[in-house]
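[1] following is a predicted model, sequence given first.
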Amino acid sequence: MAHFDPNAKPFSHQWMNDRLAIDTLKRVLSTEYWIPKNINFLWAMGMVLAATFGVLLISGIFLLMYYIPDTKLAFDSVNHTIMGEVGYGWLWRHMHAVAASVVFLIIYIHMFTGIYYGSYKRGRELIWLSGMLLFVTFSAEAFSGYMLPWGQMSYWAGMVITNLFSLGSLDLQGLVEWIRGDYVPGQAFLGRFFMLHVVLLPLIIMALIVLHFGTLRIPHVNNQDGEEIDFEAEAEKWKAGKRKEAKVIPFNPVFMSKDVFVLGIYFIIYFYLVFYHFEFAMDPVNFDPADPLKTPPHIYPEWYFLWSYEILRPFSKNAGLIAFGFAQVIFFFLPFLDRSPNVAPASRRGLFKFWFWALLIDMIVLTIMGKVPPIGIYTTIGTIAAWTFILLWVALPFITKLEKPIRGQK
Amino acid sequence: MKKMKELKILAVVVFFTLVTYWGVEPYAHSVMHKHVEFKNFKYEDLKPISAKGDAAKGQALAAACAGCHSIKAAKMPAPMDPVTAAATYGVNPPDLSLAGAVLDEKYLAHFLKDPVHTAMVAHKFKNRAYPMPPMATDDQSAADLVAYFKSIAPKEVTPKEAYEFACGRCHEMRYAKWTQIGEEPKTKPNIQTHMNEGKLKFDEKLAKYKDHLVKYLGKLPPDLSIIVRARSEDYLKTFVEDPQAQLPGTAMPRVGVSKEGYEKVFKYLEEVGDPSKPKREAVGPWVIGYFIIFSFLAWLWYKSQWKGLK
């Protein structure tokens, strides 16, 4: 039976502590949540992502006040009402659009940081898996949001992507129509993607963010050398005042102070993009209203989907779909395909070092080839890059198996 | 040493980000869109007209124009309402008051002599007559008419007037309440019946006008409300200068605007299509300034917290 001090004044420290254990919460979640000292600014990307998600949520709530999910009104509600008639509507829209694009850049940086430093192994598998679930949900969130202005690219990207569910030669037109709620994208389609974008997917994302944080708590954050730290022993050193000797720092305020500084720099760049360079996040084609009678000359997804789109494109229908499916799920298997016990930066891991840079460069090549029209040399480069992507993943278990254990690591 | 390492990592991140950006934006767009040289509205395919125009002689010649066109500046009314005119010609002929102010002089002279080729629409009029007949038989009469149009043109043309004259009879602009037959009337629905009779009557006329326009051009020209967001600045000017170069076969004529005339039209497209531009430029520095100060204070906090840790 809990003890409640009858003399404690309502909402006083003691009163709150009896009811909510605020001291314990503060200790567990912030002042005694230990972070390794040996980290660089890439470790702040999680906080940058959380802040960007916050920006998306808040700007999204403001946009939701004037957006109308009706195929006849959606385009003008965005491009006229929000952009021209509502005070600062343009600001919320540009913030939302730019954040939606930039959030993927940060996600990719965050992912490649994890891959580089091996932060998906030795107890950290669930961090990686929950992060990948977040990546997939963010992708669905981005795609559904892209449908809402009901411009040419919304309509035709919606058409192309939902067509994928016919699964090539299986020709499941029924499934495609079930997803669309109609033979072609129309009101039923817009209504359900609106629901997904503003209710269901944000709820799932928020739940997954909690899970992602939760998976971090026991294995702790990795560090620049992949060193296995005895967090309890190091925490004792810190608490004993040995700030220099301890290999750890508390999340709050020491780690936070650096995070907040990185956030500040990030927001300078972000708002520069919002005010002066937003075009990259708002494709011109989508400023033409949806026209079912006129296919745009080039249909391409936003930049963050281009690499997987390019894995689909060079192959025949069925092979392309299989390759596309492979690209969508393969990152989930990373912790199990990497057979080396080493947790270390890629630079110290033999062949894995080359694998890492090859993967990064290959995905950038795929991204660029995904945007240019599939003609001539671009088709060749795209095909080679798509095969390279597949072969890199096939090779991963073998090259990591060959890797020699690094001295000092189990 | 430590600091250098972080900067090196930052440089790597920035490098790969910029390469990706370059590839999917400037590079990909340069591959996707064909490059059309901008010629500064010089219309170099048209020979210079050396004849000196006489406005008084031009005025006499212009009487023939008034058979189809209104010239409000000379108090000549339109012979028909826009819908009847479109039924007759395909499109409502423009009022000529602004012709001397918005159109290029050389273009206008050639247009008066040989409208269909100067406007580059011969491909659309192989089996039917272009509604505008040649009005000048030689360089001299063309120059006289041009001199006359310049003499009646107002000194100052607003961006909106330039748009209405050069684009507005084919392209609507619903965000500015502009239709091909003029501004939408400000009629109110009947409070008892909720029916807006004035609007219905206007819409009926507009529907008929658009029907004629579609027959004339083959399709309804796009609404230009946010064309400045849908097409690049470079595309718009090269397209207006020479539509066939960007979009072979298009029904869009070479309108023949002068450089200044185009700047006016573009200004109006921008005012309507990107109304937040002045506000963006006003608010931007404050927000960015705020985060610069924020980052500086955060840096001081970071330095104080990490003092003596390493």
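    Yep, it's here.
[2] helix, strand, or coil at the residue of chain A most remote from its centre?
    Using C-alpha atoms, centre = their mean, the residue of chain A lying farthest from its centre is A:Asn7. It sits 49.1 Å away. The three-state label given to A:Asn7 by DSSP: H, G, I helix; E, B strand; the rest coil is coil.
[3] for chain A, what's the longest helix?
    helix A:89-117 (DSSP state H).
[4] next, the buried residues of that helix.
    A:89-117 (16 or more other C-beta atoms under 10 Å in any protein chain shown). Every residue, glycine included, has its C-beta placed from N, CA and C.
[5] my guess is A:Ile362 contacts A:Phe389, does it?
    One thing to correct before we go on: residue A:362 is Asp, not Ile. Yes - between A:Asp362 and A:Phe389 there is a contact under C-beta atoms under 8 Å: 5.5 Å.
[6] higher neighbour count, those two?
    A:Phe389 (24 against 19; other C-beta atoms under 10 Å in any protein chain shown).
[7] ramachandran coordinates for that one?
    phi -60, psi -50 (degrees, to the nearest 10).
[8] any idea how far it lies from B:Ala142?
    64 Å (C-beta to C-beta, to the nearest Å).
[9] for the closest residue in space to A:Leu306 that isn't next to it in sequence, report the pLDDT, please.
    Nearest residue to A:Leu306 in three dimensions, chain neighbours excluded: A:Gly370, at 3.2 Å (C-beta to C-beta, 6 or more residues apart in numbering or on different chains). We note a pLDDT of 95 for A:Gly370 in this prediction.
[10] what does the one 10 residues further on give?
    At A:Thr380, the predicted lDDT confidence score is 94.
[11] what about it, which helix or strand?
    Here A:Thr380, judged by DSSP states H and E, is contained in helix A:376-402.
[12] and A:Asp18, what does it touch?
    Counting by C-beta atoms under 8 Å, 6 or more residues apart in numbering or on different chains, A:Asp18 touches A:2-5, A:8.
[13] let me know the closest of these to chain B.
    A:Ala8 (33.1 Å; C-beta to the nearest C-beta).
[14] let me see the mean pLDDT of stretch A:227-245.
    pLDDT averaged over stretch A:227-245 gives 94.
[15] residues of that stretch that come out buried?
    The neighbour-count check on stretch A:227-245 (16+ other C-beta under 10 Å) flags A:229, A:231, A:234-235, A:238, A:243 as buried.
[16] grab the nearest non-local neighbour of the residue of the stretch 1-150 of chain B found nearest chain A.
    In the stretch 1-150 of chain B, no residue comes nearer to chain A than B:Gly23, which is 3.3 Å away by C-beta to the nearest C-beta. Spatially, and ignoring its direct neighbours in sequence, B:Gly23 is nearest to A:Ile368 (3.3 Å; C-beta to C-beta, 6+ apart).
[17] what about that neighbour, neighbour count?
    24.
[18] what does the domain assignment say about chain B?
    Per the record, chain B has its domains at B:55-186+B:199-275, B:276-310, by automatic domain parsing.
[19] what about the first one and chain A, any contact?
    Yes - using C-beta under 8 Å from any C-beta of the partner chain, we find that domain B:55-186+B:199-275 touches chain A at B:174-175, B:222, B:225-227, B:229-232, B:275.
[20] roughly how far apart are the residue of the stretch 51-200 of chain A found nearest chain B and A:Tyr276?
    Nearest to chain B, among the residues of the stretch 51-200 of chain A, is A:Trp90, at 3.6 Å (C-beta to the nearest C-beta). Applying C-beta to C-beta, the value for A:Trp90 to A:Tyr276 is 13 Å.
[21] list residues touching both of the two?
    In contact with both A:Trp90 and A:Tyr276: B:Arg280, using C-beta under 8 Å, 6+ apart.
[22] burial of residue 309, as a residue count?
    All of this is about chain A. By other C-beta under 10 Å, the residues close to A:Tyr309 number 22.
[23] meant chain B, my bad for not saying
    12.
[24] the residue nearest to it when sequence neighbours are not counted: what secondary structure?
    Leaving aside its chain neighbours, B:Leu309 sits nearest to A:Arg243 (5.7 Å; criterion: C-beta to C-beta, 6+ apart). Three-state assignment for A:Arg243 (three-state DSSP): coil.
[25] would you map the strands across chain B?
    B:178-179, B:182-183 (DSSP state E).
[26] please read the previous query as pertaining to the stretch 51-200 of chain A.
    For the stretch 51-200 of chain A, applying DSSP state E, counting those that start in this stretch gives no strands.
[27] give me every residue in it lying close to chain B.
    A:76, A:79-80, A:83-84, A:88, A:90-91, A:94, A:105, A:109.
[28] one more time with 10 Å
    A:75-76, A:79-81, A:83-85, A:87-91, A:93-94, A:105, A:108-109, A:112-113, A:116, A:151-152 (C-beta under 10 Å from any C-beta of the partner chain).
[29] that older thread, can you put the strands of chain B in a markdown table and add mean neighbour count, distance to B:Val121 and mean pLDDT?
    Shown next, in a markdown table, are the strands of chain B (neighbours: other C-beta atoms under 10 Å in any protein chain shown; distance: least, C-beta to C-beta, whole Å; pLDDT from 0 to 100):
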| stretch | mean neighbour count | distance to B:Val121 | mean pLDDT |
| --- | --- | --- | --- |
| strand B:178-179 | 23 | 23 | 97 |
| strand B:182-183 | 14 | 24 | 95 |
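[30] appreciated, that's everything.
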